[in-house]
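# My questions are about this predicted structure, shown below with the sequence.
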Protein chains: 2
Amino acid sequence: MEENNEIVSLKNVIANNLPSVSIDLVVFGFHENHLKILLLKTLDKENWTLPGGFIKNDESLDLAANRLLSSRTGLDQVFLQQFHAFGDPDRTKLNRNIEFLKKQFSIDKHADEFIEWILKRFITIGFYALVEFTEVKPVPDAYTIECQWHDVHELPSLVSDHQSIIETALKTLRQQLNYQPIGLNLLPQKFTMPELQSLYETILGKNLDRRNFQRKMLSYKILERLPVKRTGGAYKAPYLYKFDKESYEEALQSGLKDLW
Amino acid sequence: MEENNEIVSLKNVIANNLPSVSIDLVVFGFHENHLKILLLKTLDKENWTLPGGFIKNDESLDLAANRLLSSRTGLDQVFLQQFHAFGDPDRTKLNRNIEFLKKQFSIDKHADEFIEWILKRFITIGFYALVEFTEVKPVPDAYTIECQWHDVHELPSLVSDHQSIIETALKTLRQQLNYQPIGLNLLPQKFTMPELQSLYETILGKNLDRRNFQRKMLSYKILERLPVKRTGGAYKAPYLYKFDKESYEEALQSGLKDLW
DNA sequence: ATAATATGTGTTACTTTGACACAATAATAA
DNA sequence: TTATTATTGTGTCAAAGTAACACATATTAT
């Protein structure tokens, strides 16, 4: 519905996008030891919704997902991965408020056509993104009021099947943790081992042993310990680490574990 | 295009199915120590294609995939799982031969409408299935000549991006091997340990140590050794095993490995 | 009988994991 | 200044899991 921050006519929305298919984004961020998700507040309901949108006629899925992510967060070149397609027949109608749509778009002469288009059943392809919390400037789109981070464990009431989409994303993320490095995208450049551990604990929803965690992480050979320590905090100053980009990328490709 | 083995009018195809979205099936079978995939030969080309089809308006993705699988294999209630959505903008046109379509459907008065519909860009959702080779009776649909098993390592020339879809399915299958039991769906009820090992070796594309493999498999506690041995074969008679349905199902749910 | 081939089972060294303890450090309070 | 406190850094040890490997046994072919 939005293009370069400019509203395009409803007719063009129909003409330029694939029918019946949408993309929804589960954007994960990590802040103050909490795993957060970016949510939009719809104008017509009290519910919240995942950021998302449609796929242009000439656009690949990945490209569409990247464009939509970038329009909400300003970010580009971040970790973004398709994880599941959701297609229950009744998932769409729960998503829309017809009366509201009519009011909202009454100015446009193609309103009826558009409303018919958008009320059709949609299949949505879920992508999840890992982004650095502090670098994101959430921007609502033209049809939503707010764009806010929400703690993944204190989610508000969500539209349609978005709750279930988030749960699937989280489940996927937890699985990925086992054979892919994560953190480069969720943490600032420099971070401490306890911070990295806290990220893992938050995603997994359970506590880990400090010493065993450190041993395991270091064994992956994707971390570089910096000569400086983080001072100013309370108590003993922890070492700072950064990811070694090269070995991190390699680990992304080949996986962390030797499986079978 | 097919419903209860009856051809429905082209108009109904458009009316009853979601536009722009299709399903493709990668059906794995195991026979004589070879991993096989079910392929259809198209009427219009020398190429082969994955079995697939469209999603009815009131049908969930899983239901559609099951219906399509059942219409090709006669099988129901088998392992069938969504693994990826494919949506390159040019994936569709490579898939269709306009001249052929015109000839083929010229009888139907809605041919033009249908051809326009089917030439639009399609996003396809890939499902992979694990089935017992011997129980499958491949049936071609009305618009394909043959339905045949093909060795996964000796695939013929495939339409559009179907080669890449298969590769992604295989990659997914290899990953699943690490935390999900497989075999119940690919092997006959009773089988020997060497047969099970051969299945794993074929999927992974590498050899495994006999003794270590057996130890690992048995440690999963999903196998039951039968008192009988398989006689009649050459050399020493191997024991027969079968999967314990209950613990197999449980392992499917909870995963084989304790990860993190 | 003997050879050939595949199956069943066991052992050993090595690596990884889980559970746990103590020393070092930086801020704070006395 | 010194002691206290909370947190970080590092090490150890037992248990479990894995990789590499050897020998006995059963069946067929000669």
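Sure, I can see it.
# For the rest of this, base every contact and every neighbour count on C-alpha atoms.
Will do.
# Please tell me how far the nearest residue to residue A:97 once chain neighbours are set aside sits from residue A:25.
Using Cα to Cα, 6 or more residues apart in numbering or on different chains and skipping the chain neighbours, the partner closest in space to residue A:97 is residue A:44 (6.9 Å). Separation of residue A:44 from residue A:25 (Cα to Cα, to the nearest Å): 20 Å.
# Pick out whichever of the two has more residues nearby.
Applying other Cα atoms under 10 Å in any protein chain shown to residue A:44 and residue A:25 shows that residue A:25 carries more neighbours, namely 31 against 16.
# so what's the residue lying closest to the more buried one once chain neighbours are set aside bridging to?
Leaving aside its sequence neighbours, residue A:25 sits nearest to residue A:127 (Cα to Cα, 6+ apart; 5.0 Å). For residue A:127, the beta-bridge partners are residue A:25, residue A:82 (DSSP bridges).
# Hmm, residue A:127 is touching residue A:84, no?
Yes - contact criterion Cα atoms under 8 Å: residue A:127 and residue A:84 qualify, at 7.4 Å.
# Which of the two has more residues huddled nearby?
When residue A:127 and residue A:84 are compared for neighbours, residue A:127 comes out ahead with 25 against 20, by other Cα under 10 Å.
# The closest residue to DNA strand D within chain A - how many residues pack around it?
In chain A, the residue found nearest to DNA strand D is residue A:238; the distance is 3.3 Å by Cα to the nearest atom of the strand. By the measure other Cα under 10 Å, the count of residues near residue A:238 is 16.
# Is the closest residue to DNA strand C within the stretch 51-200 of chain A within a helix or a strand, and which one?
Across the stretch 51-200 of chain A, the shortest distance to DNA strand C (Cα to the nearest atom of the strand) belongs to residue A:178, at 9.8 Å. Using DSSP states H and E, residue A:178 sits within no helix or strand.
# Need the three-state assignment for the residue lying closest to it once chain neighbours are set aside.
Closest residue to residue A:178 apart from its sequence neighbours, by Cα to Cα, 6+ apart: residue B:259 at 6.5 Å. Under DSSP: H, G, I helix; E, B strand; the rest coil, the three-state class of residue B:259 is coil.
# How confident is the prediction for residue B:259, by pLDDT?
Note on residue B:259: pLDDT of 78.
# Just want to check the distance between it and residue B:50.
34 Å.
# For the residue of the stretch 51-200 of chain A closest to DNA strand C, give its distance to residue A:253.
Noted for residue A:178: a distance of 13 Å to residue A:253, by Cα to Cα.
# do residue A:240 as well
The separation that residue A:240 has from residue A:253, given Cα to Cα, amounts to 25 Å.
# And the two? Which one has more around it.
Remark: of residue A:240 and residue A:253, residue A:240 carries more neighbours, 20 against 12, as counted by other Cα under 10 Å.
# The residue positioned nearest the centre of chain A in helix, strand or coil?
By Cα atoms, centre = their mean, chain A has its centre lying nearest to residue A:27, at 1.4 Å. Three-state assignment for residue A:27 (three-state DSSP): strand.
# Show the contacting residues for it.
Residues counted as contacts of residue A:27 (Cα atoms under 8 Å, 6 or more residues apart in numbering or on different chains) are A:36-38, A:128-131.
# How many residues are close by the closest residue to residue A:45 other than its chain neighbours?
In space, residue A:45 comes closest to residue A:97 once its chain neighbours are excluded; the distance is 8.0 Å by Cα to Cα, 6+ apart. Counted with other Cα under 10 Å, residues neighbouring residue A:97 total 12.
# Could you check how far residue A:97 is from residue B:124?
Distance, residue A:97 to residue B:124, using Cα to Cα: 29 Å.
# cool, residue A:39 as well?
Distance of residue A:39 to residue B:124, given as Cα to Cα: 28 Å.
# Over to residue A:148?
The spacing between residue A:148 and residue B:124, counted by Cα to Cα, is 32 Å.
# Those two: which is more packed in?
Of the pair residue A:148 and residue B:124, residue B:124 is the one with more neighbours under other Cα under 10 Å, namely 23 against 17.
# so where is the stretch 1-150 of chain A shaky, pLDDT-wise?
Within the stretch 1-150 of chain A, the segments meeting pLDDT under 70 span A:1-8, A:94.
# Next, see if stretch A:208-224 gets close to DNA strand D.
Yes - contact of stretch A:208-224 with DNA strand D (Cα under 7 Å from any atom of the strand) involves A:210-212, A:214.
# Distance from the chain centre to that stretch, please.
26 Å (Cα atoms, centre = their mean, to the nearest Å).
# List the buried residues of it.
A:213, A:222-223 (16 or more other Cα atoms under 10 Å in any protein chain shown).
# Over to stretch A:133-152?
In stretch A:133-152, counting by 16+ other Cα under 10 Å, buried: A:133, A:138-141, A:144, A:146-152.
# And stretch A:123-132, by the same measure?
A:123-132.
# Among these, pick out the one closest to residue B:14, please.
residue A:123 (16.8 Å; Cα to Cα).
# which residues does the closest one bridge with?
Beta bridges link residue A:123 to residue A:21 when assigned by DSSP bridges.
# out of the buried residues of stretch A:123-132, which touch DNA strand C?
Near DNA strand C, by the rule Cα under 7 Å from any atom of the strand, you find none of those.
# could I get those residues as CSV with distance to residue B:168?
Listed next are the buried residues of stretch A:123-132 as CSV, based on distance: Cα to Cα, whole Å:
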residue, distance to residue B:168
A:123, 21
A:124, 20
A:125, 17
A:126, 18
A:127, 17
A:128, 19
A:129, 21
A:130, 23
A:131, 26
A:132, 29
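# So which of those is the closest to residue A:172?
Nearest to residue A:172 among the buried residues of stretch A:123-132, counting by Cα to Cα, is residue A:128 at 9.1 Å.
# which residues touch that closest one?
Contacts of residue A:128 (Cα under 8 Å, 6+ apart): A:25-28, A:80-83, A:169.
# Is the residue nearest to residue A:45 in contact with residue A:42, as I believe?
No - between residue A:97 and residue A:42 there is no contact under Cα under 8 Å: 10.4 Å.
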